[in-house]
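# Fold the following and give me the result.
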Amino acid sequence: MSQPPGFIDPKHPKHVCLLKKALYGLKQAPRAWFDRFSLYLLHLGFKCSKADSSLFILQCKRGTILLLLYVDDIIITGSSDELITDILTSLAKEFSMKDLGSLQFFLGTEVQYFKGGIHRSQRKYAAELLKKTDMALAKSVSTPLAQKYGLQLSTGNLVDASSYRSIVGSLQYLTLTRPDLSHAVNLPVKRILIYVKGTSHCGLRLLARSPFKLYGFSDADWGGCTTTRRSTTGYSIYLGANCVSWASKKQHTVSRSSAEAEYRALASITAEITWIAYILRDIGVYLKLAPTLFCDKISALYMTVNPILHARTKHVEMVYHFVREKVARGQLVTHFVRSKDQLADIHTKALTKQEFAKFRSKLGVCVPPPH
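Model (predicted):
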């Protein structure tokens with residue numbers, strides 16, 4: 001640490017302070033705390049997940065414990081209540097911490113329990129955002145995007161850039177429990193805020209029991225950006241009936257065909273679904289069947305299984321061809337899905353009220369079920 005103003009040693013002005021203990025607020029404090037805490041967890045028998053460094057796993061004869069660490073916030077769960085109690089007792093002896101009981105709030109996310117699962121929402125966070133933007137009394141709308149929306153380069157007086165970035169950042173954080181906002185969140189924000197006003201009580205439903213299979217839906221909006229002509233990748237990944245991962249993001253380069261855009265989207269979801277499989281493997285859960293990817297572009301599916309088409313895809317970066325390798329090894333299965341059943345459409349384009357409501361329910365976004 002640099003010498004603080006007013007306490008600089010005149011004989012050694014260029015010297016720095018050697019800290020014997022990490023101080024809260026310093027840049028190196030989180031790293032020092034993580035090293036200290038993780039070393040103690042390893043001492044207790046935990047192993048750090050290879051796929052996620054913030055996840056620690058303890059597997060023994062008494063059961064399995066999962067501990068998720070985010071700075072100084074901790075979630076712990078497991079198969080044995082007695083083992084969880086013993087771990088919490090050991091942590092309390094080593095560190096100054098407080099057990100808050102069953103999970104209710106975590107990083108702005110509210111957790112509600114119902115028979116058969118949990119419901120995650122950010123109702124309080126959404127209410128504060130609407131109040132901050134003076135949209136608390138706005139009349140709600142059914143969809144976050146109008147069907148015929150368009151973005152163009154602005155001329156004349158612009159809005160306050162700092163305020164706009166703050167609102168967009170807040171909306172992006174809201175997508176932690178609102179996958180129905182993932183596509184609209186980087187587009188005109190006023191209508192999105194009005195939509196949030198009418199659906200602030202909605203959140204993500206997670207069921208405790210459903211068929212154990214991993215699958216995903218992938219889609220791309222070819223050349224959707226009128227300014228750069230880059231395509232938009234959108235996907236939803238499900239573990240059973242639960243949507244566990246989703247994304248809507250602009251592709252890095254311009255695609256020369258719709259098949260190429262869809263193939264790049266398949267590459268993105270393949271990387272994400274592979275990471276989820278690694279997480280499951282780390283906690284001792286193995287898939288009986290290979291993950292399945294659904295796509296509504298037949299030509300893109302042919303590119304994943306037919307090496308003869310390689311001549312047509314030489315311009316596609318080699319990094320994207322690991323999809324074909326996964327399929328050839330049997331680690332991934334690709335299937336065609338009709339466009340009207342393509343659940344990833346909600347992440348790439350504006351939909352009608354009926355289509356949006358249908359796909360939103362498929363994502364598991366709903367009001368809290370009765371207790």
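# Could you use CA atoms for every contact and neighbour count after this?
Noted.
# Tell me how many other residues crowd residue 270.
Each residue near residue 270 was counted by other CA atoms under 10 Å, and the total is 23.
# Check the gap between the spatially most central residue of the chain and residue 364 for me.
To find the centre residue of the chain, average its C-alpha atoms and take the closest one (CA atoms, centre = their mean): that gives residue 245, at 5.4 Å. Note on residue 245: its distance to residue 364, by CA to CA, to the nearest Å, is 12 Å.
# List the buried residues for the least confident helix or strand in the chain by mean pLDDT?
Among the secondary structure pieces of the chain, namely its helices and strands, helix 298-305 has the lowest mean (mean pLDDT, DSSP states H and E), a mean of 82. The neighbour-count check on helix 298-305 (16 or more other CA atoms under 10 Å) flags 300-305 as buried.
# What helices and strands are in contact with that helix?
If contacts are counted by 3 or more CA pairs under 8 Å, 6 or more residues apart in numbering; DSSP states H and E, helix 298-305 sits against helix 258-282, helix 322-328, strand 333-336.
# Describe which strands the shortest one pairs with in its sheet and in which direction.
Read that as strand 333-336. Listed by DSSP bridges, the sheet partners of strand 333-336 and their directions read strand 292-295 (parallel).
# hey, what's the residue nearest to the centre of the chain bridged with?
With DSSP bridges as the criterion, residue 245 is bridged to residue 237.
# Is residue 20 located within a helix, as I assumed?
No: secondary structure of residue 20, determined by DSSP: H, G, I helix; E, B strand; the rest coil: coil, with no helix assignment.
# a strand runs through residue 235, doesn't it?
Yes: secondary structure assignment places residue 235 in a strand (three-state DSSP).
# burial measure for it, as a count.
A count of nearby residues for residue 235, using other CA under 10 Å, gives 29.
# Not counting sequence-adjacent ones, nearest residue to it?
residue 218 (4.5 Å; CA to CA, 6 or more residues apart in numbering).
# I'd say that neighbour and residue 270 touch.
No: applying CA atoms under 8 Å as the test, residue 218 and residue 270 come out as separate, 9.5 Å apart.
# on that earlier part again, which residues are in contact with the residue nearest to residue 235?
With contacts defined as CA atoms under 8 Å, 6 or more residues apart in numbering, the neighbours of residue 218 are 233-236, 262, 265-266, 269, 293-295, 342, 344.
# From these, pick the one nearest residue 51.
The closest of these to residue 51 turns out to be residue 269 (CA to CA; 16.2 Å).
# That closest one: how many residues sit nearby?
A total of 26 residues lie near residue 269 under the criterion other CA under 10 Å.
# coming back round to it: looking at the buried residues of helix 298-305, spot the one nearest residue 117.
Relative to residue 117, the closest of the buried residues of helix 298-305 is residue 301; by CA to CA it sits at 35.0 Å.
# From residue 335, how far off is that closest one?
According to CA to CA, residue 301 and residue 335 sit 7 Å apart.
# which residues do these two both contact?
The contact lists of residue 301 and residue 335 share residue 295, where a contact means CA under 8 Å, 6+ apart.
# give the contact list for the residue nearest to the centre of the chain.
Residue 245 makes contact with 236-238 under the criterion CA under 8 Å, 6+ apart.
# Without its sequence neighbours, what residue ends up closest to residue 125?
Nearest residue to residue 125 in three dimensions, chain neighbours excluded: residue 108, at 6.5 Å (CA to CA, 6+ apart).
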